[in-house]
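Colleague: Structure for the following, please:
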Amino acid sequence: MQNVNGYACKRLLIFFIAIACSMASNVKAQIIPAPLHKVVNTGSFQINTSTRWFTNLQGDDKKWMQEYLKTLPVALSEGTVSDKTNVITLVVSPLKGTTNKEAYHLQITPQDIEITANTAAGLFYGIQTALQLSSQSTPTSMTIPCAEISDQPRFGYRGFMLDVSRHFFPKEFIFKMLDMLAYYKINVFHFHLVDTGGWRIEIDKYPNLTNMTAYRPAEDLDDWWSLHNVFCAKSDSNAYGGYYTKKDIREIVHYATVRHIEVIPEIDMPGHSRDVLCAYPGLACDGKDYMTSNELCIGKEETFDFCENVLKEVMELFPSKYIHIGGDEANRTIWSTCPKCQKRMRKERIHNVADLQNYFTNRIEKFLNAHGKTMIGWDEILDGKVSKRAVVMSWREEVDGTGEALRRGHHIILTPTSHCYLDYYQDIPYTQPKAFGYIPLSKIYSFEPIPQHIADSSLIVGVQGNLWTEHVPTCSHAEYMSFPRMLAIAEVGWSAPQAKSYTDFHERALHAIEYMESKGFHPFPLKYEIGPRPEAMTPVHHLAYGKKVTYLKPHHEADYKGSGNTTLTDGMLGDWGPFGSRWQGFYGDMDVVVDLGFVQEIHSVSASFLQVLAAGLLAPNKIEILVSDNGRDFTSLYKENCRLNDHINYDIIKHKWEGSIKTRFIRLHATRDITWGNILSDEIVVK
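Modeller: Numbers count the residues shown, from 1 in each chain. Prediction:
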């Protein structure tokens, strides 16, 4: 009998250890972003219809908390301070060791849940962590494993940008996205409201903005471009588009505020203004219209009147301390031929069109500052002098926008194209919907926002993922491109480096995808990810490896510079996308000579070219391979006029000569007649 009891005790011990391990795994496998400190305990707390909640929040903070708690799967009733069991206590009280506004301490026991935080935002994030740990036991109950978690974000700005101009997304979809963003502790929604694709916000003073340019006669942006970017009325039979009324905007802002998300509007100026020029042609430069220009005329005072009046109405709708004015990608040559812009330059003693845009930016910034707002601009605003108060959103690594902003003492939001653009392919492009480059989940997760040797890391405000929607026409497609990659942005922005592990994150992301699917989302199916290009995983050893390359035409020193003059013979083939040191770019003319060092027998010469039409990466239409013994007199081995299919957005195209010849110098000449874009190649392989 004693042995039986001993056996039973051992079975019980194993059972409880298994439960504890399961709960520990549950805690580890579910929380995104990874918390700073966590301890897993035995047991669980059961939320049911008898569970009460109590808080010492007051005013709007309490009202917003009440509104949010009503959205939870289990209805909770409000209790009192005297409730001691089956209660969720939410208390604002100074935390030991941190003044971080979003920090929290979460204690889950079988009797209660207690969340303590410095502010209401911290309480909200403690709730999100508890919800991520929970499982739905019955329709009216939830189970949460016991744990103690102390947590705080690394950065105060963790953002998601949605472009609603290129493709329009209804208000209900915005609500849905805000729910998921808040769940993973994203606290900024950058609302890219206007661009060339359509004006998306109601402005009372300028009704033509929505009456004339909120709709276009083609949903697909490429089709619209083929129609020369004309707009149409909502009543047209093939009209596509929409806009947000002021009531819509107020509802979106309120919905976000309840979830501790700041909504930052972007009204792009002075470029990306085709829709403005269509609605109000008098704001174009002399001799230009919306079909020949995308830029507002800086020489006209009417332009500043328009911008300020629009911004006044925008500021009334958005309580955010920030207003984003864009400022990127303006075609400044438009201003160089405009008499009114030239007159402005003479009057203000402005010497070039870059400084003319800077004049515009400074005037708009002073206007925003006078109304208590801080300006954000893409890093093009650094092309001139702007006040240190302006916040720089850094996206161009090739011009070192981050370094320049930091050297000037600007606060900076990091959103580099190489790591934070969600409109890029996330797996082998042949299997994915049309996109630009290649940024898989692992690449985003590897992003380190604080540059090495930075003097003042406090200037780094935070990070942001950007979903541009040129090729993202539907809500489900937007979800597919955003998740799970926004989870990586969330963890990069929140979690301390020592708390991060991609292997662990990948496991948690798989669980998160199951949760999203249960909520009606359509994320990328991470469990089926194919991964990097196999050829790029191991070096290629060949006769030209490490040999000198002479550039008869220069490669790009900024865009797609690769690893410099060693790129084409470093033995490394390119991945699916152009970022990094593998692919090297040429503006329409790649003409290089490889010196093998001495005359020797070769049997093949090959080179691959990356084509991503949407990104302006174009395969050559003419290619020739030549050889020489002396480096001066070349004989052609291979020559082809390539038949290109410009309906194929993505491809890696390989050209190869095979035979037998003795030579020392190999020349590869590849060209394409282009007005913009690049030819990209990764390696000249000689065998």
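Colleague: From now on I want contacts and neighbour counts done on CA atoms only, so please keep to that.
Modeller: OK.
Colleague: tell me which residues in stretch 528-547 are buried?
Modeller: Under the neighbour-count criterion of 16 or more other Cα atoms under 10 Å, stretch 528-547 has 532, 540, 543, 544, 545, 546 buried.
Colleague: Quote the end-to-end distance of that stretch.
Modeller: Stretch 528-547 has its terminal residues 39 Å apart, counting by Cα to Cα, to the nearest Å.
Colleague: let's have the chain start at 176 instead
Modeller: Fine by me, first position is 176 from now on; the one you just mentioned is stretch 703-722.
Colleague: what does it rub up against?
Modeller: With contact meaning Cα atoms under 8 Å, 6 or more residues apart in numbering, stretch 703-722 is reached by 602-603, 615, 741, 744-751, 769-772, 859-862.
Colleague: Only the buried subset of these, as a ChimeraX command please.
Modeller: Remark: buried members of these, expressed as a ChimeraX selection using 16+ other Cα under 10 Å:
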select :602,603,615,741,744,745,746,747,748,749,750,751,769,770,771,859,860,861
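Colleague: Sort out for me which of the contacts of stretch 703-722 are in strands.
Modeller: 769, 770, 771, 772, 859, 860, 861 (DSSP state E).
Colleague: wait, what's in contact with the fourth one?
Modeller: By Cα under 8 Å, 6+ apart, the contact set of residue 772 is 722, 839.
Colleague: do that again at 10 Å, thanks
Modeller: Neighbouring residues of residue 772 by Cα atoms under 10 Å, 6 or more residues apart in numbering: 718, 719, 722, 723, 838, 839, 840.
Colleague: What of residue 418?
Modeller: 339-340, 343-346, 368-369, 373-377, 384-386, 388-390, 424.
Colleague: run the last query once more with 8 Å
Modeller: 343, 374, 375, 376, 377, 385, 389.
Colleague: ok, back up a step: closest to residue 814 among the buried residues of stretch 703-722?
Modeller: residue 719 (20.5 Å; Cα to Cα).
Colleague: Find the nearest non-adjacent residue to residue 859, please.
Modeller: residue 782 (4.9 Å; Cα to Cα, 6 or more residues apart in numbering).
Colleague: can I see the domain layout of the chain?
Modeller: What automatic domain parsing lists as the domains of the chain is 177-326, 709-861.
Colleague: Which one of the ones you listed has the poorest average confidence?
Modeller: Ranked on mean pLDDT, the bottom entry among those is domain 177-326, at a mean of 86.
Colleague: roughly how far is it from the heart of the chain?
Modeller: 32 Å (Cα atoms, centre = their mean, to the nearest Å).
Colleague: Stretch 831-849 now?
Modeller: Centre-to-centre, stretch 831-849 and its host chain are 39 Å apart (Cα atoms, centre = their mean).
Colleague: What residues of that stretch count as buried?
Modeller: 832, 838, 839, 840, 841, 842, 843, 844, 845, 846, 847.
Colleague: related to what we said a few turns ago, of the contacts of residue 418, which is the nearest to residue 460?
Modeller: residue 374 (19.9 Å).
Colleague: Who are the contact partners of residue 577?
Modeller: By Cα under 8 Å, 6+ apart, the neighbours of residue 577 are 569, 587, 589.
Colleague: tally of neighbours for the second one?
Modeller: Neighbouring residues of residue 587 were enumerated by other Cα atoms under 10 Å; the total is 26.
Colleague: Looking at strand pairing, list the partners for it.
Modeller: Legend: beta-bridge partners of residue 587 under DSSP bridges are residue 567, residue 635.
Colleague: quick one: it from residue 274, how far?
Modeller: Distance from residue 587 to residue 274, by Cα to Cα: 22 Å.
Colleague: And the last one, by the same measure?
Modeller: Using Cα to Cα, we find residue 589 at a distance of 24 Å from residue 274.
Colleague: The two: who's more crowded?
Modeller: Counted by other Cα under 10 Å, residue 589 and residue 274 do not tie: residue 589 has more neighbours, with 27 against 13.
Colleague: residues in contact with the closest residue to that one other than its chain neighbours?
Modeller: Nearest residue to residue 589, sequence neighbours excluded (Cα to Cα, 6+ apart): residue 638, at 4.7 Å. Contact analysis of residue 638 by Cα under 8 Å, 6+ apart lists 330, 332, 333, 334, 588, 589, 590, 624, 664, 667, 668.
Colleague: can you give me the helices in the stretch 226-375 of the chain?
Modeller: 234-244, 295-308, 346-358 (DSSP state H, counting those that start in this stretch).
Colleague: Same question for the stretch 476-625 of the chain.
Modeller: With DSSP H, counting those that start in this stretch as the criterion, the stretch 476-625 of the chain has helices spanning 476-492, 508-511, 514-523, 528-545, 576-582, 592-595, 616-620.
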